[in-house]
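[1] no sequence on hand, only this structure:
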């Protein structure tokens, strides 16, 4: 008999989604985000975590969860707020954060209850299956996502290029702030 696997269940734009527990490094409260003018629409902003620039990805945009107005996650198009949780994941060896509306918790899923899905038919190809929702109290089905397929190859290259540009931009500000001469003369090093 196959053993249950564990998933983190969360909601985005009214959809109940899940990722395997091992795909989620940790949960973080929404920090102050740097919003860069060159950011693609799915990137809400970036922040530093343990010395690395972490892009915050909007799953409502990535998964094309209708009703998104470009103003932030949530079924009402509201901007993320203080209590908007982030799921810190590793995507191609680098950290990324997924913006959620609510994290419901983790649950064990009996492999016999898991229904496979055709990735070409839902959520831009990253749906790996589903299982009965016993976590939120809403009933229905939880969509299990494959974290490796959240971005396609072209999106991954664009995200890497954006991350590199964000790292260079933020490093310029850090160097200016750390330079004693700049602080003493009031010259920001611009």
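    That came in fine, so what should we check first? What you see is a predicted model; the values in this text were computed from it and never measured.

[2] which residues of this protein score low on pLDDT?
    Scanning the chain for pLDDT under 70 picks out the ranges 1-2, 66-82, 119-124, 174-190.

[3] name the nearest residue to residue 43, ignoring sequence neighbours.
    Distances taken as CB to CB, 6 or more residues apart in numbering place residue 55 nearest to residue 43, at 5.1 Å, with adjacent residues excluded. For glycine as for every other residue, the C-beta is placed from the backbone atoms N, C-alpha and C.

[4] what is the neighbour count of the one you found?
    24 (other CB atoms under 10 Å).

[5] immediately after the stretch of helix or strand it belongs to, which helix or strand?
    Using DSSP states H and E, residue 55 maps to strand 52-58. Scanning forward in sequence from strand 52-58 by DSSP H and E, the next helix or strand is helix 59-62.

[6] following the chain onward from that next one, which element is next?
    Assigned by DSSP H and E, the successor of helix 59-62 is strand 85-91.

[7] the inter-axis angle of the helix or strand following that following strand versus strand 52-58?
    Going down the chain from strand 85-91, the next helix or strand is strand 94-99, by DSSP H and E. Counting by axes from the mean of the first three to the mean of the last three CA atoms, to 10 degrees, strand 94-99 lies at 30 degrees to strand 52-58.

[8] give the buried residues for the following helix or strand past strand 94-99.
    Toward the C-terminus, strand 94-99 is succeeded by strand 102-109 as the next helix or strand (DSSP H and E). Of the residues in strand 102-109, 104, 106, 107, 109 count as buried by neighbour count, 16 or more other CB atoms under 10 Å.

[9] out of these, who's nearest residue 89?
    Among the buried residues of strand 102-109, residue 106 lies closest to residue 89 (CB to CB), at 14.4 Å.

[10] mind listing what residue 17 touches?
    9, 10, 11, 59, 142, 143, 144, 145 (CB atoms under 8 Å, 6 or more residues apart in numbering).

[11] which element is the third one on?
    This points to residue 11. Going by DSSP H and E, residue 11 is part of strand 5-12.

[12] paired strands for that strand, with orientation please.
    strand 15-20 (antiparallel), strand 102-109 (antiparallel) (DSSP bridges).

[13] nothing else from me, thank you.
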